[in-house]
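S.K.: structural data only, the sequence is not supplied:
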């Protein structure tokens, strides 16, 4: 269960391209923030959005001041998080200013990450499979990817790896954890 907040002024159609190739489903939600400055979807992107089962919401924001869309997106995100703390959140934007918003919520135990596009999620999955090549099968590596997406802390990930891949002295889980450690540096320690 993930919620994607899209800064459409910043990423335009490119931030959503490839959405049908992601693993989003009917439990996920994508909220597209747009304004008079950026309000046009290509027909191809419109078709892609319609093919997905993801819940779609469109929020037209008022502009007129610097960063108006950013402030409204951040406010909406905060209100959403307060209602549903157990979801994973993503801000789809190339605006590095959103990293401060991510840090704020991460320090409060919320899974929130800024990504350049929804297709970044597939790249994260591919990086995980690549890092585990030679250690696990692709199917097992995808299990690890789901574990990483499901846990907020490195400790939670490690504990679940131990349960999922039992071996004497937990060597298998330790080997897996060591291989993916560079990919989970944004997770909290405990």
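M.R.: Perfect, thanks for sending it. Not measured: the values here are computed from a predicted model.
S.K.: which strands and helices sit next to the lowest-mean-pLDDT helix or strand in the chain?
M.R.: Within the chain, no helix or strand scores below helix 120-131, which has a mean of 75 by mean pLDDT, DSSP states H and E. For helix 120-131, the elements it packs on are helix 138-150, helix 171-180, judged by 3 or more CB pairs under 8 Å, 6 or more residues apart in numbering; DSSP states H and E. Yep, even glycine has a C-beta here, placed from its N, CA and C like the rest.
S.K.: any buried residues in the first one, and which?
M.R.: Going back to what we said before, that points to helix 138-150. Within helix 138-150, the residues scored as buried using 16 or more other CB atoms under 10 Å are 141, 142, 143, 144, 145, 147, 148, 149.
S.K.: give me the distance between the fourth one and residue 165.
M.R.: The reference is to residue 144. Per CB to CB, to the nearest Å, residue 144 is found 8 Å from residue 165.
S.K.: common neighbours of these two, please.
M.R.: Common neighbours of residue 144 and residue 165, using CB atoms under 8 Å, 6 or more residues apart in numbering, are residue 176.
S.K.: can you confirm residue 24 is in a helix?
M.R.: No - according to DSSP: H, G, I helix; E, B strand; the rest coil, residue 24 belongs to no helix; its state is coil.
S.K.: number of nearby residues for it?
M.R.: Using other CB atoms under 10 Å, the number of residues around residue 24 comes to 19.
S.K.: likewise residue 50?
M.R.: Counted with other CB under 10 Å, residues neighbouring residue 50 total 9.
S.K.: pLDDT score assigned to it?
M.R.: Among the per-residue scores, residue 50 shows a pLDDT of 88.
S.K.: from residue 138, how far out is it?
M.R.: The gap separating residue 50 from residue 138 is 30 Å, by CB to CB.
S.K.: cool, and residue 83?
M.R.: Residue 83 is 37 Å from residue 138, where distance means CB to CB.
S.K.: now the closest residue to residue 145 other than its chain neighbours: how far from residue 24?
M.R.: Spatially, and ignoring its direct neighbours in sequence, residue 145 is nearest to residue 128 (4.5 Å; CB to CB, 6 or more residues apart in numbering). According to CB to CB, residue 128 and residue 24 sit 17 Å apart.
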